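[1] structure here, sequence nowhere to be found:
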């Protein structure tokens, strides 16, 4: 079924977004991951690629690229074989419904950032948000920053919903930055009274031009910890650890690089110390914060359930995964190599499908 403005086309029949029979009464979360701008380390693009590769997903709306993409400014790569074009780079921009490891539905808007008709595109997205009664929207960004890869990655949050931003690191300043289509969407949803936030990964500027799985991992961990989605992240953890080892070898082999990293560490530490003094209750990057009321309630329900089974309380204490609460917050970040490496999409994302429903 085509939209009247030919901006997008809905799938028919449309896949289920909320399963009321399974007790899903709230609207879904929408993750917006448009790449092309503010995508340092390819963190945004790889976030979308990883989720689509690792989780069951169904197309619900496809946008008309001819209405939104300037092919001359974003020429798709063409593969030639025996002088014949056999493959053209995918520039699909669409919205999909995905199921997390707990079989909870959420929406993902991904693809290249539109070159044209931002306001019409924003109106189309807000119409879809209304149609599927989206509960909350999180937009993902990656920004090159003068920060070292040896310190916990900073994920800054902005938005109108305390539930989405209060547990995140925030910049208390007014700034002017180049616009993005996602920011148009954020503003429109906020004006409509919808809960919306943006999360920005601070990517070391010397690594911003190569795939940086650590940034992808930290963005998705932040989404999981705040929204409650159970996202499969083990493959990303392996990628980040492998590339951390590679970049440490580079740093150790170059005294000049080590000195630059050391200067960035001093700047980072000084800024964080000032921030802690000004915000004594803040959860700092890499720190574990206090559990929310909802997390405490879920923990108590599991405890009461365990009391109903003989000896199960002992088993639960002995076998409890102490990483559950750690995974709800940030962890130390060590970035990938400077000259590139495997992208998040190169990892075996299918390995994550066997996760026990935890965002790791």
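    All right, it came through fine. From a predicted model like this one, the values you see are computed outputs, not experimental measurements. Numbering: from 1, shown residues only.

[2] strands of the stretch 1-150 of the chain, start to end?
    Ranges of strands within the stretch 1-150 of the chain are 8-10, 29-35, 57-63, 78-81, 84-88, 94-99, 105-112, 136-145, based on DSSP state E, counting those that start in this stretch.

[3] by contact count, what packs against the shortest one?
    Think strand 8-10. Counting contacts by 3 or more C-beta pairs under 8 Å, 6 or more residues apart in numbering; DSSP states H and E, strand 8-10 is packed against strand 57-63. C-beta: built from backbone N, CA, C; applies to glycine.

[4] and residue 138, what does it touch?
    Contacts were defined as C-beta atoms under 8 Å, 6 or more residues apart in numbering; by that measure residue 138 touches 29, 30, 31, 32, 164, 196, 197, 198, 199, 223, 226, 227.

[5] quick one: it from residue 69, how far?
    In this structure, residue 138 and residue 69 are 24 Å apart, going by C-beta to C-beta, to the nearest Å.

[6] now do the buried residues in stretch 142-153.
    Neighbour counts over stretch 142-153 (16 or more other C-beta atoms under 10 Å) mark 142, 143, 144, 145, 147, 148, 149, 150, 151, 152, 153 as buried.

[7] typed the wrong thing, it's stretch 113-127
    Buried, per 16+ other C-beta under 10 Å, within stretch 113-127: 113, 114, 115, 117, 118, 121, 122, 123, 124, 125, 126.

[8] could you single out the nearest of these to residue 169?
    Closest to residue 169 out of the buried residues of stretch 113-127 is residue 113 (24.7 Å), distances taken as C-beta to C-beta.

[9] got a list of what the closest one touches?
    Contact criterion C-beta under 8 Å, 6+ apart gives 34, 35, 36, 37, 180, 181, 182 as the residues in contact with residue 113.

[10] name whatever forms a beta bridge with the second one.
    Read it as residue 35. residue 112 (DSSP bridges).

[11] right, and it touches residue 41 too?
    No: using C-beta atoms under 8 Å, residue 35 is not in contact with residue 41, being 11.1 Å away.

[12] and these two? Which one has more around it.
    Legend: neighbour count by other C-beta atoms under 10 Å for residue 35 and residue 41, higher for residue 41 (28 against 20).

[13] out of the buried residues of stretch 113-127, list just those in helices.
    With helices taken from DSSP state H, the overlap with the buried residues of stretch 113-127 comprises 118, 121, 122, 123, 124, 125, 126.

[14] which of those residues sits closest to residue 97?
    The nearest member of these to residue 97, counting by C-beta to C-beta, is residue 125 at 14.9 Å.

[15] name the nearest residue to the closest one, ignoring sequence neighbours.
    Counting by C-beta to C-beta, 6 or more residues apart in numbering, residue 185 is the residue found nearest to residue 125 once chain neighbours are left out, at 5.2 Å.

[16] just the pLDDT at the one you found, thanks.
    Residue 185 is assigned 98 on the pLDDT scale.

[17] likewise residue 80?
    pLDDT, read off for residue 80, is 93.

[18] again, but for residue 300
    In this model, residue 300 is scored at 47, pLDDT.

[19] still on that earlier bit, a markdown table for the contacts of residue 113, including distance to residue 219?
    Listed next are those as a markdown table, based on distance: C-beta to C-beta, whole Å:
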| residue | distance to residue 219 |
| --- | --- |
| 34 | 13 |
| 35 | 12 |
| 36 | 16 |
| 37 | 16 |
| 180 | 15 |
| 181 | 18 |
| 182 | 13 |
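
[20] among those residues, pick out the one closest to residue 274, please.
    Of the contacts of residue 113, the one sitting nearest to residue 274 (C-beta to C-beta) turns out to be residue 180, at 28.7 Å.

[21] for the closest one, grab phi and psi.
    Dihedral angles of residue 180 (phi, psi; degrees, to the nearest 10) stand at phi -150, psi 150.

[22] still on that earlier bit, just the contacts of residue 113: which has the poorest pLDDT?
    Lowest pLDDT among those: residue 37, 85.

[23] quick one, what contacts that one?
    So residue 37 contacts 113, 178, 180 (C-beta under 8 Å, 6+ apart).

[24] save the buried residues of stretch 113-127 as JSON lines, and put in distance to residue 98 too.
    Formatted as JSON lines, the buried residues of stretch 113-127 follow (distance: C-beta to C-beta, whole Å):
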{"residue": "113", "distance to residue 98": "20"}
{"residue": "114", "distance to residue 98": "22"}
{"residue": "115", "distance to residue 98": "26"}
{"residue": "117", "distance to residue 98": "26"}
{"residue": "118", "distance to residue 98": "25"}
{"residue": "121", "distance to residue 98": "21"}
{"residue": "122", "distance to residue 98": "22"}
{"residue": "123", "distance to residue 98": "24"}
{"residue": "124", "distance to residue 98": "20"}
{"residue": "125", "distance to residue 98": "17"}
{"residue": "126", "distance to residue 98": "20"}
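
[25] which two of these have the greatest separation?
    The widest separation within these (C-beta to C-beta) is 19.8 Å, between 115 and 126.

[26] in the stretch 151-300 of the chain, which spans are strands?
    In the stretch 151-300 of the chain, the segments counted as strands under DSSP E, counting those that start in this stretch are 155-159, 195-204.

[27] mind giving me the packing neighbours of the last one?
    Here strand 195-204 touches strand 136-145, strand 155-159, helix 162-165, helix 181-191, helix 213-227, going by 3+ C-beta pairs under 8 Å, 6+ apart.
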